[in-house]
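[1] Sequence first, predicted model second:
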Amino acid sequence: MKYGVIVLLILGIGIIGGILVFGERNQTITVPNTAPGETAPLVSSSVSAGEDVLSPVSGMTTTTSIAISAAIATNTPVESVATSVLSVQFSDLTPSQGETVVVTISGSPEHPKVSFDNKEIPVFFYQGGLRALVAIGAHESIGSHMVKVTADGFPDYSQSITVKSGKFPVVDLGIPEKMGTTTPARLVQDLSKENAELNAIVALVTPETFFTRGFGLSLADNTRLGSVFGEIRKTGDQTISHLGVDFRGAEGSKVVAMNDGVVEKAESTALYGNTIIIDHGEGIFSMYLHLKTILVAKGARVKRGQVIGTLGQTGYATGPHLHLSVKINGISVDPIKFVDAFR
């Protein structure tokens, strides 16, 4: 009988070792439960975490999982090992600046928390599971960053992700004649002021998920790009980072909401023109700038695909277009890549 138990333990350890090797090869991490115990179409600023940011010009799915046997640690017979595990999956472990990393957590954990470089980010239920969104800003530092996941009754889990350069293009950009005698320095000052107002809105985190499905882009034709996310514009002695995507289109074209949410802003500003900001909950906001008309009011509940305004060229714009932005926990990310990553 003694020898039979020893054989079973050896076989069990061998199987567990095989799981560990296989899991590492496939970058999958499973932790066992150890209980008890923006500017205008041509401008964006990088002065703050706002829609546009000013800065000096300087020169898919991955799953991680670890299986650890409680039998070895506690000398528990293999056949009685608990099967409750915490699984953590990442959409990408080597994102570029401006991208979104989707963290998926399963295993029925209680009170899960996720942090990125020690800053906690919202965890929410979505399509039967738990999600957290790690926003990689256009100016996030290149190299290694740490994501941590904790949950009651499970060991803490850490995963390093490596941020790569977004390789944003640099272009020369002047000031449109309709802006009068505005200087680059005055433009930067005005952008900073408007960004501060926008930041105050998108910094808030509504602990409610207004949406039940993925996000979509806002025009019938989303293929006509006027400028890409992160593009760096040189205006005089100033540089401006474009923190959204400009979609060209016919003036008056319908603009629809990216997803369900609540309208937090629906009014005109000097540089961004007719502007709509929608709160989708859990720190996720979408922004629609330079609209010709606004068809919703602040406080309105909107649905995915609902017409909220029309495409225009109000504010600091040289032609009809939609400047579309997505902010997650106050950080701007590429709307196109966000829609593709979070489904």
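    Sure, I can see it.

[2] Which residue ranges of the stretch 51-200 of the chain form helices?
    70-74, 184-202 (DSSP state H, counting those that start in this stretch).

[3] residue ranges with poor pLDDT in the stretch 51-200 of the chain?
    Low-confidence segments of the stretch 51-200 of the chain (pLDDT under 70): 51-84, 176-177, 179-180.

[4] residues near residue 188, how many?
    22 (other Cβ atoms under 10 Å). Just so you know, the C-beta spots here come from the backbone N, C-alpha and C atoms, and that holds for glycine as well.

[5] mind checking the SS state of the closest residue in space to residue 222 that isn't next to it in sequence?
    Among residues not flanking residue 222 along the chain, residue 247 sits closest, at 5.8 Å (Cβ to Cβ, 6 or more residues apart in numbering). Under DSSP: H, G, I helix; E, B strand; the rest coil, the three-state class of residue 247 is strand.

[6] surely residue 247 meets residue 224?
    Yes - Residue 247 is within contact range of residue 224, at 6.2 Å (criterion: Cβ atoms under 8 Å).

[7] which of the helices of the stretch 51-200 of the chain is buried the deepest?
    Comparing these by mean neighbour count (mean count of other Cβ atoms under 10 Å), helix 184-202 comes out on top with a mean of 18.

[8] Please identify the buried residues of the helix or strand following that one?
    Where DSSP states H and E defines the elements, the next helix or strand beyond helix 184-202 is strand 225-227. Within strand 225-227, the residues scored as buried using 16 or more other Cβ atoms under 10 Å are 226-227.

[9] before we move on, what about stretch 120-129?
    Neighbour-count burial for stretch 120-129, counted by 16+ other Cβ under 10 Å, picks out 121-124, 126.

[10] any chance of the residues you listed in TSV, with distance to residue 114 too?
    Listed next are the buried residues of stretch 120-129 as TSV, based on distance: Cβ to Cβ, whole Å:
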residue	distance to residue 114
121	6
122	8
123	5
124	10
126	13
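
[11] now, which of those residues lie within strands?
    121, 123-124, 126 (DSSP state E).

[12] Go through those and say which is closest to residue 329.
    Checking those against residue 329 by Cβ to Cβ gives residue 121 as the nearest, at 5.7 Å.

[13] So what sits opposite that closest one in the bridge?
    residue 114 (DSSP bridges).

[14] Assess the claim that it and residue 132 are in contact.
    Yes - if you go by Cβ under 8 Å, residue 121 and residue 132 touch, sitting 5.5 Å apart.

[15] so what sits against both of these two?
    residue 114 (Cβ atoms under 8 Å, 6 or more residues apart in numbering).

[16] How many neighbouring residues does residue 119 have?
    9.

[17] could you measure it against residue 330, distance?
    11 Å (Cβ to Cβ, to the nearest Å).

[18] okay, now the spatially closest residue to residue 138 that is not a sequence neighbour: neighbour count?
    Of all residues not flanking residue 138 in the chain, residue 230 sits nearest, at 4.5 Å (Cβ to Cβ, 6+ apart). By other Cβ under 10 Å, the residues close to residue 230 number 26.

[19] I am finished for the moment; much appreciated.
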